[in-house]
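> attaching a predicted model along with its sequence, questions to come.
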Amino acid sequence: KTTAALAVSRYLFNRDGDVKLTQKDDLNCYLAIEGDISGIQKFIFKISSPQEAQSGMSKRLRGRSLYLTLLCDAIATHIAEELELCEANILFCGGGRFTIIGPNTKTAKEKLAEIKSKLNKFFIDEFNAELYLALVSIECCGDDLAKFGQITRKLSNKLNEDKKHKFSDNLDDVFNFDEEIKYDDLCSVCGTPYPKKEDSVVCKTCKNHEKLGQNAANADYMIKCITDKGEGYFIEPANVDYHFLNKSRDIADKINSWSKTCKKVEVIKLNDTNFLDLANHEFESNVSFSFSFMGNTVPNLGRFADNHKYMPLYFEHLAKISNGANKLGVLKMDVDNLGLIFSEGLKESYDENLGISRVSALSSQLDMFFSGFVNNIASEFKVYSKVFDEDKFDKKELEIQNDNEEIKESVFVYKLKYGCELSDDEADKLKDYEIPTIHINYSGGDDLLVLGPYDDIIKFAQELRNTFKIWTASNPSINLSGGINIVSPKFPIGKAAITSEEYLDAAKSCGRDKITLFGEVVNWDTKDLFKGFDELFDFAVKLEDYCTNNRLSKGIVYSMLHLWQNNYKNLGLLSNENKWDEDVHRRLSIKRFVPLFKYKLRLVKDKEVFEDLNKKGLKFMPWIKIPVSWVSLRMR
């Protein structure tokens, strides 16, 4: 891939440059380009969830995230088109950021400046300057590409400098107050003034995001058209139009129709590498085929809807699917020290330089995990619309309604009971009745945001982290941090996501490779005397098992929490590694709870449970808030 990218760049430099290439690699014929869309988090979560707009909230939140993914892809594609590059020149694109290698020519630099100005004017007009495109470049030669880690550091520094001077090239557009636009109302979701043309409390942009979130969730193909007039999800300033389609008889006709009016049409198979399944049809020469991964697992009850229409599970439904308390879990995770990994982590003892192909390969592998493999993990968390042995399942009643909100009906879903397992034969019979419970709002690049039943979200976080360690060959330097926020389904989802982001920041600030849950920041793995999440969660499940089987009273479990509250001063959410380390050592030094804890244990009649608590309870007491909070929610 990088060989193709460099070949195209060298050809264009030789064609358009002032000097001609020689066999030496000391001529600055390449232009390393990096772009970053800032303001993403604020844009995604700047939404309310009032009662009158509650029904489309899950689709709308996902649509806003997906729109930014498409926006980033469209900008990178537009730059490649304008600079006459090929797909291989886009070394990485994801998470609102992209890296491109191109020719170091005057024409290329002028076009980059034009594109940056045009797109930022669009952000000012369309989104009130909430988004900003930072776009920088560095001249480099062939020898420099062998030290690409240094180039990525310089690009990163230039991006940070660019962001300090947002819209400095578009000040006339920022302060243009001449045009008068009549606004009738404020959007109930995003708060943006909009001209109200019909009886709706939601603006046109939020409606489009809702539609995008719905269509992309079940799509088999993403059709990407290079055109100056779009009829799908059109990114106007980048001249890229996106369509999401399912398998159908007329899909080939639609593609041919677009190919006649568009410059290029790319048929992208989603989450399936069999991307040539449509190639046997006759298409125009401007149609190409590829595949891509997209984290698009979304709970829906399609089989219950009239005429088989799409029908999602809303956040209130996901909360009801939880065992015990009806709570929603919001998980935010990302890779630690990613910049350091790219700049320093791929060096070999025999080669202190980080080549461009290594950076490209690592980027692709990370994106493959977060965009594609995450669906495999999410698929393990599910309920069923139909079962053959109800004794193994908890029956959950959900009230659903179709998109026009006229028809309401109650449906039942079945969640496997705690401690029960399905045989391979039973699982195979229920395959057609599976309904996922994990709602992937966004997953790509190196991070994700997912929602779902609080208990499934906690287990999903553990499973994803453990799988990620396998994916990275248990490399001790490549880790994930996470933050889980547990809320009522009626809680404003934008604020809930922001809080989960704050929990993630706390996990990173306290040393990384950690998770924040129930207001506690802990390591994933036990390290020396510092108990980790995996061991704490195993203990939580054991406590739940004891309570479920009446071997331990809930009163004893709650008394452990009271002991913790009385003996360990709650310092709040820590955001400093030194303070976190001091707090852990302070917790380990406190032993005054031991006599009272032993006294409480006299009420435990089961000898096995008594010995287990007597041994492990003392060890886990400094972090007992996590296991007890889990039991408290599950036993409600």
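Arrived safely. Note that this is a predicted model, so its numbers are computed, not measured.
> and after the host helix or strand of Gln150, which helix or strand comes next?
Element membership for Gln150, per DSSP states H and E: helix 148-163. Downstream of helix 148-163, the first helix or strand assigned by DSSP H and E is helix 171-174.
> send over that following helix as CSV, restricted to the C-alpha atoms.
Extracted in CSV, the C-alpha atoms of helix 171-174 (Å, rounded to 0.1, in the frame of the first residue of the first chain):
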residue,chain,number,x,y,z
LEU,A,171,-12.4,35.8,10.2
ASP,A,172,-14.5,37.6,7.7
ASP,A,173,-16.9,34.6,7.6
VAL,A,174,-16.9,34.3,11.5
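> next secondary structure after it?
Downstream of helix 171-174, the next assigned helix or strand under DSSP H and E is strand 185-186.
> pull up the pairing partners for that next one, direction included.
Applying DSSP bridges, strand 185-186 is found paired with strand 193-194 (antiparallel).
> what's downstream of the partner strand, the next helix or strand?
helix 204-217.
> about what we covered before: what is the helix holding Gln150 packed up against?
Here helix 148-163 touches strand 30-38, strand 132-140, helix 142-145, helix 338-344, helix 356-368, going by 3 or more C-beta pairs under 8 Å, 6 or more residues apart in numbering; DSSP states H and E. The way it works is simple: take the backbone N, C-alpha and C, and place the C-beta from them, glycine included.
> let's go with 7 Å and repeat that
strand 30-38, strand 132-140, helix 338-344, helix 356-368 (3 or more C-beta pairs under 7 Å, 6 or more residues apart in numbering; DSSP states H and E).
> what comes into contact with that helix?
Here helix 148-163 makes contact (C-beta atoms under 7 Å, 6 or more residues apart in numbering) with 32, 34, 36, 38, 134, 136, 138, 140, 144, 339, 342-344, 354-356, 359.
> what's the answer for stretch 557-572, then?
Outside stretch 557-572, the residues that reach it (C-beta under 7 Å, 6+ apart) are 543, 547, 583, 587, 590, 592-593, 596-597, 600, 617, 621-622, 624-625, 628, 631.
> pull out the buried members of these.
By neighbour count, with 16 or more other C-beta atoms under 10 Å, these hold 543, 547, 583, 587, 593, 597, 600, 617, 621-622, 624-625, 628, 631 as buried.
> let me know which of the helices and strands packed on helix 148-163 is tucked in deepest.
Each of these was scored by mean neighbour count; the highest is strand 30-38, a mean of 23, by mean count of other C-beta atoms under 10 Å.
> then it to CSV, C-alphas only?
Output in CSV follows, covering the C-alpha atoms of strand 30-38 (Å, rounded to 0.1, in the frame of the first residue of the first chain):
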residue,chain,number,x,y,z
TYR,A,30,6.8,14.2,-0.6
LEU,A,31,4.2,16.1,1.4
ALA,A,32,3.1,14.4,4.7
ILE,A,33,-0.5,15.8,5.3
GLU,A,34,-2.4,15.5,8.6
GLY,A,35,-5.9,16.6,9.3
ASP,A,36,-7.9,16.7,12.6
ILE,A,37,-11.5,17.7,13.1
SER,A,38,-11.7,19.4,16.6
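> who does it pair up with?
If you go by DSSP bridges, strand 30-38 pairs up with strand 97-103 (antiparallel), strand 132-140 (antiparallel).
> of all those strands, which one is nearest Glu501?
The closest of the strands paired with strand 30-38 to Glu501 is strand 97-103. By C-beta to C-beta, the value is 17.3 Å.
> what residues does the closest one touch?
Counting by C-beta under 7 Å, 6+ apart, 5-6, 9, 12-13, 16, 29-36, 72, 76, 79-80, 83, 85, 89-92, 108 sit against strand 97-103.
> of those, buried ones?
Taking 16+ other C-beta under 10 Å as the criterion, what is buried in the contacts of strand 97-103 is 5-6, 9, 12-13, 29-36, 72, 76, 79-80, 83, 85, 89-92, 108.
> may I have the beta-bridge partners of the most centrally placed residue in the chain?
For the chain, Leu448 is the residue whose C-alpha lies nearest the centre (C-alpha atoms, centre = their mean; 2.1 Å). Counting by DSSP bridges, Leu448 is bridged to Met333, Ser443.
> domain boundaries for this protein, per the record?
The chain breaks down into these domains under automatic domain parsing: 2-174, 185-292, 299-337+363-499, 518-636.
> minimum distance to Ala507: which of these has it?
Nearest of these (C-beta to C-beta): domain 299-337+363-499, 4.2 Å.
> model confidence over that closest one, on average?
The average pLDDT for domain 299-337+363-499 rounds to 88.
> what do you get for stretch 258-275?
94.
> tabulate the CA atom coordinates of stretch 561-580 in CSV.
Included here for stretch 561-580 are C-alpha records, laid out as CSV according to Å, rounded to 0.1, in the frame of the first residue of the first chain:
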residue,chain,number,x,y,z
LEU,A,561,-20.2,-1.3,52.3
HIS,A,562,-20.9,0.5,55.6
LEU,A,563,-17.5,-0.7,57.0
TRP,A,564,-15.8,0.7,53.9
GLN,A,565,-17.6,4.1,54.2
ASN,A,566,-16.7,4.4,57.9
ASN,A,567,-13.1,3.5,57.5
TYR,A,568,-12.0,4.9,54.1
LYS,A,569,-12.4,8.6,53.5
ASN,A,570,-13.9,9.2,50.1
LEU,A,571,-11.6,11.6,48.3
GLY,A,572,-13.9,11.8,45.3
LEU,A,573,-12.8,11.0,41.8
LEU,A,574,-9.0,11.2,41.7
SER,A,575,-7.3,12.7,38.6
ASN,A,576,-3.6,12.4,39.5
GLU,A,577,-1.3,9.4,39.4
ASN,A,578,0.6,10.4,42.5
LYS,A,579,-2.5,11.0,44.5
TRP,A,580,-4.0,7.7,43.3
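> what's the angle from the biggest helix by length in the chain to strand 97-103?
Once the chain is assigned using DSSP state H, the helix that runs over the most residues is helix 57-82. Here helix 57-82 points in a direction 10 degrees away from that of strand 97-103 (axes from the mean of the first three to the mean of the last three C-alpha atoms, to 10 degrees).
> figure out how far helix 57-82 is from the centre of its chain.
Here helix 57-82 is found 13 Å from its chain centre; the criterion is C-alpha atoms, centre = their mean, to the nearest Å.
> just the mean pLDDT for that helix, thanks.
91.
> pull out the buried residues from it.
Buried residues in helix 57-82, counted by 16+ other C-beta under 10 Å: 57-82.
> backbone dihedrals for Ser288, please?
Ser288 has phi and psi values of phi -130, psi 170 when expressed as degrees, to the nearest 10.
> correction: the previous question concerned Ser500.
Torsion angles, degrees, to the nearest 10, at Ser500: phi -60, psi -30.
> contacts only, for it.
Contact partners of Ser500, counting by C-beta under 7 Å, 6+ apart, are Val330, Leu331, Lys332, Gly483, Ile484, Asn485.
> inside strands: which ones of these?
Residues of those located in strands (DSSP state E): Val330, Leu331, Lys332, Gly483, Ile484, Asn485.
> distance of Gly63 from Tyr233?
9 Å (C-beta to C-beta, to the nearest Å).
> what's the closest of the domains of the chain to Ala506?
domain 518-636 (5.1 Å).
> span of the closest one from start to end?
Domain 518-636 has its terminal residues 17 Å apart, counting by C-alpha to C-alpha, to the nearest Å.
> mean confidence for that domain?
For domain 518-636, the mean per-residue pLDDT is 91.
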